[in-house]
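Trainee: just need the structure, nothing else, for what follows:
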Amino acid sequence: MPNEAIPTAVIKNMLDTEWNTQSGLIPEPTFVDINDGSGGAQLRFDLNRGDFVFISSDMPSETEEPIGTWVYGNRTTRIVLEMHTKDSRQRLYNIKQEIRRIAHNQMHALDEFQRIQYVTFAEYIQDQMNLWSGRIILELVNNAILLET
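Mentor: Predicted structure coming up:
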């Protein structure tokens, strides 16, 4: 049996590959897969060196809804992207826009999933600290797939 795809790794790879650095408007942030098995060291990041996007599974990570006779079903995996920048609120929105652009352009391009959906964006602003943060939820969807028995 082949290894199952790790959704956070798939998203990290997609963002890293598809980020548009040609325009020069949105420098590529550092993408960090929170649970990639790189040692479990305490996470430290310096926003003076650039922007960061942390990728993790949401809770619940995966939902499965059987359909018909329970031979087939719909499976959805939720991914959280936490964005942080020290540059400006506009930079936060530019990063969000680039992630949304990639999600829409790659909607059906992932081999492991039928569709990627941009679901929500929430903004967390701490102006007094010159820190702008936001959270994006993406869903990876497989509909009417054969359920393992």
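Trainee: three-state assignment of residue 111?
Mentor: coil (DSSP: H, G, I helix; E, B strand; the rest coil).
Trainee: phi, psi for it please.
Mentor: phi -70, psi -30 (degrees, to the nearest 10).
Trainee: roughly how far out does the host helix or strand of residue 139 sit from the chain middle?
Mentor: According to DSSP states H and E, residue 139 maps onto strand 131-146. The chain centroid and the centroid of strand 131-146 are separated by 6 Å under Cα atoms, centre = their mean, to the nearest Å.
Trainee: so which elements touch it?
Mentor: Packing contacts for strand 131-146, counted by 3 or more Cβ pairs under 8 Å, 6 or more residues apart in numbering; DSSP states H and E, involve helix 7-18, strand 72-85, helix 89-105, strand 115-126. (Glycine included, C-beta is placed from N, CA and C.)
Trainee: 10 Å instead, please
Mentor: If you count contacts as 3 or more Cβ pairs under 10 Å, 6 or more residues apart in numbering; DSSP states H and E, strand 131-146 packs onto helix 7-18, strand 52-67, strand 72-85, helix 89-105, strand 115-126.
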